[in-house]
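> Predicted model follows, preceded by the sequence.
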Amino acid sequence: MEYDLDSGAHSTYSLHYHLILTTKYRRGVLTEERTQFIRGVISGFTDNYGVELTNLDGEDDHVHILFRAKPTTDLVRFINTVKGATARRIR
């Protein structure tokens with residue numbers, strides 16, 4: 001069995017995260033165009049935080065974001081940036 005592992009100076013790791021973002025009151029407002037727009041916005045931030053976007057998919061009331069990160073990535077800051085930037089740009 002093969003694993004897709006990354007390595008640092010003193011460690012070997014494989015960190016995969018699954019983030020689900022929902023709309024307020026679970027309203028069905030996300031279309032395919034908006035989902036693609038969200039993908040573009042998130043792709044703009046991935047290089048700054050050392051994150052690799054693996055997959056982004058969803059339905060009309062939520063979005064699933066799958067990404068890989070390094071152990072030194074500040075996840076809270078990345079997620080807050082993604083949530084704030086996508087909300088502002090969609091409005």
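Cool, the structure landed. Numbering: from 1, shown residues only.
> right, and G8 touches P71 too?
Yes - under the criterion of Cβ atoms under 8 Å, G8 is in contact with P71, at a separation of 7.2 Å. For every residue, glycine as well, the C-beta is placed using N, CA and C.
> Can you tell me the SS state at T86?
Using DSSP: H, G, I helix; E, B strand; the rest coil, the structure places T86 in helix.
> List phi and psi for the closest residue in space to L75 that isn't next to it in sequence.
Nearest residue to L75 in three dimensions, chain neighbours excluded: A69, at 6.6 Å (Cβ to Cβ, 6 or more residues apart in numbering). Taking degrees, to the nearest 10, you get phi -140, psi 170 for the backbone angles of A69.
> Which helix or strand contains the most centrally placed residue in the chain?
The residue at the geometric middle of the chain, judged as the C-alpha nearest the mean C-alpha position with Cα atoms, centre = their mean, is I65 (4.5 Å). Under the criterion of DSSP states H and E, I65 resides in strand 62-69.
> Residues contacting that strand, please?
6, 14-23, 26, 30, 35, 38, 42, 46, 49-58, 75, 78, 82 (Cβ atoms under 8 Å, 6 or more residues apart in numbering).
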